[in-house]
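Engineer: give me a 3D structure for the following:
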Amino acid sequence: MAALKGLIRPLGGEVTVHMAAPVEQVWALISDVTRIGEFSPETFEAEWTHGATGPAKGARFRGHVKRNGVGPTYWTPCTVTDCVPNERFEFSVGLDKNPINTWGYRIQPENGGTRVTEYFRLSPALPVRIYWTLLGPLRSRTNERGMRTTLERMRAVVEQQKGAGA
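Structural biologist: Numbers count the residues shown, from 1 in each chain. Next comes the predicted model:
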């Protein structure tokens, strides 16, 4: 069994970046889904739905995605699954009873700034496991590049705001 463990890729990935900005400033940015289009190479807009106006567990929104930055283009329903101000913001993608994956951010104070980790986890459903076995390495690299791009773009914004005294 231990030999198999090394062959099975985890159904997800993560990227961590340090931002020279306070946790509260980073939280305000990562939890505002309406700003994701400024940062993500795939999700170019998002909007709160079903009466939601901001981050809270159970709040719903939809993201407008251009897969791999080139297409196809589609809307995805999302539900906030974990929301602890200044610590965690997480949401599932897909229908409530059958989410395809979960994306999230963990933040914590670090060296006068904030350590930010963006992550994704796929559903353990059999079709997803088959997909991940076949295309997981390629999609994982794409997602990790996209998360790094997103976090680097966010860092540029919060560090510029901090420098401007915001």
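
Engineer: quick one: mean pLDDT over the biggest helix by length in the chain.
Structural biologist: The longest helix of the chain (DSSP state H) is helix 126-163. For helix 126-163, mean pLDDT is 87.

Engineer: now that helix: how far from the chain's centre is it?
Structural biologist: Computed by C-alpha atoms, centre = their mean, to the nearest Å, the chain-centroid distance of helix 126-163 equals 7 Å.

Engineer: tell me what that helix is packed against?
Structural biologist: Counting contacts by 3 or more C-beta pairs under 8 Å, 6 or more residues apart in numbering; DSSP states H and E, helix 126-163 packs against strand 12-19, helix 23-30, strand 113-122. For glycine as for every other residue, the C-beta is placed from the backbone atoms N, C-alpha and C.

Engineer: ok and the longest one relative to helix 126-163, angle-wise?
Structural biologist: With axes from the mean of the first three to the mean of the last three C-alpha atoms, to 10 degrees applied, the angle from strand 113-122 to helix 126-163 works out at 160 degrees.

Engineer: could you list the paired strands of strand 113-122 along with their orientation?
Structural biologist: Applying DSSP bridges, strand 113-122 is found paired with strand 12-19 (antiparallel), strand 98-110 (antiparallel).

Engineer: the longest helix of the chain: which residues count as buried?
Structural biologist: 132, 136, 139-140, 142-144, 146-147, 149-151, 154-155, 157-158 (16 or more other C-beta atoms under 10 Å).

Engineer: stretch 23-38 too?
Structural biologist: For stretch 23-38, using 16+ other C-beta under 10 Å, the buried residues are 23, 25, 26, 27, 28, 29, 30, 31, 33, 35, 36.

Engineer: hmm, the first one is touching residue 107, no?
Structural biologist: By that I understand residue 23. Yes. Residue 23 lies in contact with residue 107 (C-beta atoms under 8 Å); the separation is 5.7 Å.

Engineer: what is in contact with these two at once?
Structural biologist: 86, 114 (C-beta atoms under 8 Å, 6 or more residues apart in numbering).

Engineer: pLDDT score for the closest residue to residue 158 other than its chain neighbours?
Structural biologist: The shortest distance from residue 158 to any non-neighbouring residue, by C-beta to C-beta, 6 or more residues apart in numbering, is to residue 21 (3.8 Å). We have a pLDDT of 97 for residue 21.

Engineer: fine by me, thanks again.
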